[in-house]
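K.L.:
Coordinates only, no sequence provided:
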């Protein structure tokens, strides 16, 4: 495994690019932030906002924000309404009740109490379950199919009600150094090329599981003209948009978090991804596939913003990456109707033997400079 020389992101991350000095594009982007012409970015944003406010909308909304109720969407919502002066409509995609957490429900209720209009969309729970099952067995990523609806729902509502602007949070390609939309800046031009959704939905058609093309329409991002709808990453225009800042800001406005030890979640934050119970399990499988998990992702961001040293991040990643409390595995097994033994057998099929070796005691070890 080859790692970025500055953060701890490995080249096994899909789409990661390292330059001739062995540094990822994410780190290079953060190096430029001190030299950003923020006035120019503000002018660019104001031009977009002026355009949106002048567009006729029968619902009288200027913008849509897709929300889970978590730290990022809460801060985006407050910033768009209270700082930018937008009349925003929040769109939430409620997962089936087996997936969404009590914390997630409370956080959505908190948004309502803060005075926002919210439209909630619940996909067909049986189709959703079939897609999760197929995604698990074939891709080792239970959210590969269902993640698309997070984007599709906001787009569909915007087109239906002629709401001219969709506001997303961070440009993940910039933060994590992926190739897909690293050059997009604040405009989400290449959103269809994000790693998890770029293959489209037709590959999930399955006669055996009775997944038809008509079942997938809800999950497809509709086509649209840039003259009618614009999609932006608001984090690109905010100096202090980060997980840490967003979390502390949102907690002051009622954000709840997961009350569990971090070792059971495989992450360094208990205020991230609070709306789903299956994420720790999914991150565990990602660790098998790529040799890094959610902890490494978040630790790399802390390195980039200057909060943590690379050495400390490595030690924390070794303790937390891939960790998952057994209860999350059992919850997922019950949801799709399989045994724990079958789950573990399928998960093992995704272990990347190019980076994992068994030691003399029969335990798996990463072939990584960090773990030697």
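P.N.:
Looks like it arrived, so ask away. As the structure is a prediction and not an experimental result, all values here were calculated from the model.
K.L.:
Report the secondary structure state of the residue nearest to residue 152 when sequence neighbours are not counted.
P.N.:
If you skip the residues right next to it in sequence, residue 152 has residue 221 as its closest partner in space, 4.8 Å away by C-beta to C-beta, 6 or more residues apart in numbering. C-beta coordinates here come from the backbone N, C-alpha and C atoms, glycine included. Secondary structure, DSSP: H, G, I helix; E, B strand; the rest coil: residue 221 is coil.
K.L.:
isn't residue 221 right next to residue 153, touching?
P.N.:
No: at 9.5 Å, residue 221 does not count as touching residue 153 under the criterion of C-beta atoms under 8 Å.
K.L.:
sorry, back to before: how much space between the residue nearest to residue 152 and residue 151?
P.N.:
Distance, residue 221 to residue 151, using C-beta to C-beta, to the nearest Å: 5 Å.
K.L.:
With neighbour numbers in mind, choose between these two.
P.N.:
More neighbours surround residue 151 than the other of residue 221 and residue 151, with 22 against 19 (other C-beta atoms under 10 Å).
K.L.:
give me the low-pLDDT residue ranges for the stretch 251-372 of the chain?
P.N.:
372 (pLDDT under 70).
K.L.:
go again using 90 as the cut-off
P.N.:
257-261, 269-277, 305, 359-362, 368-372 (pLDDT under 90).
K.L.:
Now do the strands in the protein.
P.N.:
63-67, 88-93, 117-121, 165-168, 230-233, 356-358, 364-366 (DSSP state E).
K.L.:
what helices or strands is the fourth one leaning on?
P.N.:
Just to be clear, that refers to strand 165-168. helix 38-54, strand 63-67, helix 148-160, strand 230-233 (3 or more C-beta pairs under 8 Å, 6 or more residues apart in numbering; DSSP states H and E).
K.L.:
Could you pull up the mean pLDDT of the first one?
P.N.:
This predicted structure assigns helix 38-54 an average pLDDT of 95.
K.L.:
before we move on, back to that, could the helices and strands packed on strand 165-168 go into TSV alongside distance to residue 287?
P.N.:
Output for those, formatted as TSV (distance: least, C-beta to C-beta, whole Å):
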stretch	distance to residue 287
helix 38-54	36
strand 63-67	27
helix 148-160	23
strand 230-233	27
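K.L.:
Would you mind finding the most buried of these?
P.N.:
strand 63-67 (a mean of 27; mean count of other C-beta atoms under 10 Å).
K.L.:
and that one with helix 148-160, angle?
P.N.:
Here strand 63-67 runs at an angle of 160 degrees relative to helix 148-160 (axes from the mean of the first three to the mean of the last three C-alpha atoms, to 10 degrees).
K.L.:
strands paired with strand 63-67, and their directions?
P.N.:
Partners of strand 63-67 in the sheet, by DSSP bridges, are strand 88-93 (parallel), strand 165-168 (parallel).
K.L.:
model confidence over the first one, on average?
P.N.:
Yep, that's strand 88-93 we're talking about. 93.
K.L.:
what are the ranges of the helices in the stretch 1-150 of the chain?
P.N.:
25-32, 38-54, 71-78, 102-113, 125-139, 148-160 (DSSP state H, counting those that start in this stretch).
K.L.:
Could you list every helix and strand in contact with the last one?
P.N.:
Secondary structure elements in contact with helix 148-160, counted by 3+ C-beta pairs under 8 Å, 6+ apart, are strand 63-67, strand 88-93, strand 117-121, strand 165-168.
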